[in-house]
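> Pasting the sequence and the predicted coordinates here, then a few questions.
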Amino acid sequence: MAKMTGFEKYFVNRRGERFFEKLIDDLETSGTLKITGNSRILELGGGNGALSSLIYKRYQPASYTFTDYDPDQLALAQESMKERFGEVPESFTFQQADAADLVYKNGSFDLVIAHLILHHLGGTDAIFSGLNEISRVLVPGGTFLYTEFSHKKEIRAKLTEMGYAITYKKGLHRENAVAVKQTAKN
């Protein structure tokens, strides 16, 4: 996974809580996203922490593992969390991670979030390797929430092949999708 350029960081970090509120509201209304206080969440490439802050504020999940490949982004997210809540909530951990090579045990998470990061893995083969890793760390019946603007058809086809049921909403240049892991198949 390549480190982001300054422009890419600007693009990712410009999304604020308002954008993510609309996304989460839409997914809740459609019934495709279910987060509870018992949820164990992994966010890949979390950027400035706006989405994780919103999810924490709404649901207070049991655990939230916030990752980014870039240590500067991790520091930015931690500072943002401290500003929003006065301190980093106990249920949060921040870790540098590569989405194509996750260090977590099989079935560790109920929800994995990847907002605009799959394309950073490389071409479709690299993205598929990342999807295999995501599937491995999800529990059977777990949810994979992703937003992506490239390789959309290929990603949907691969997830379907892997046993996921997919609900998605196309945006102007991207799609927001929720993929629910139907079987224990990895």
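Received, thanks.
> In the chain, which residue sits furthest out from the middle?
G86 (24.0 Å; Cα atoms, centre = their mean).
> And that one, how far from R156?
Look at G86 and R156: by Cβ to Cβ, to the nearest Å, they are 41 Å apart. From N, CA and C alone the C-beta is placed, and that goes for glycine too.
> what residues are up against Y104?
Taking Cβ atoms under 8 Å, 6 or more residues apart in numbering, we find Y104 in contact with L42, T65, V137.
> just so I have it, where are all the strands in this protein?
40-44, 63-68, 92-96, 109-115, 138-148, 164-170, 175-181 (DSSP state E).
> Kindly calculate the angle that the longest one makes with strand 109-115.
Translated: strand 138-148. On the basis of axes from the mean of the first three to the mean of the last three Cα atoms, to 10 degrees, strand 138-148 is oriented at 10 degrees to strand 109-115.
> So for strand 138-148, what gets flagged as buried?
Of the residues in strand 138-148, L138, G142, T143, F144, L145, Y146, T147, E148 count as buried by neighbour count, 16 or more other Cβ atoms under 10 Å.
> Please identify which pair of these lies farthest apart.
By the measure Cβ to Cβ, G142 and E148 form the most distant pair in the buried residues of strand 138-148, at 18.5 Å.
> quick one: the helices in the protein?
Secondary structure of the chain (DSSP state H): helices at 6-13, 17-30, 50-59, 71-85, 124-137, 152-161.
> Could you dump these into CSV with mean pLDDT added?
Shown next, in CSV, are the helices of the chain (pLDDT from 0 to 100):
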stretch, mean pLDDT
helix 6-13, 50
helix 17-30, 81
helix 50-59, 93
helix 71-85, 93
helix 124-137, 96
helix 152-161, 92
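> can you put these in a markdown table and add distance to V178 and mean neighbour count?
As requested, the helices of the chain are exported to a markdown table (distance: least, Cβ to Cβ, whole Å; neighbours: other Cβ atoms under 10 Å):
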| stretch | distance to V178 | mean neighbour count |
| --- | --- | --- |
| helix 6-13 | 20 | 13 |
| helix 17-30 | 6 | 14 |
| helix 50-59 | 14 | 20 |
| helix 71-85 | 23 | 16 |
| helix 124-137 | 13 | 19 |
| helix 152-161 | 10 | 16 |
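> Tell me which of these approaches N176 most closely.
Comparing the helices of the chain by Cβ to Cβ, helix 17-30 comes nearest, at 5.9 Å.
> In space, not sequence, find me the middle residue of the chain.
I113 (1.6 Å).
> Beta-bridge partners for that one, please?
Counting by DSSP bridges, I113 forms beta bridges with E43, L145.
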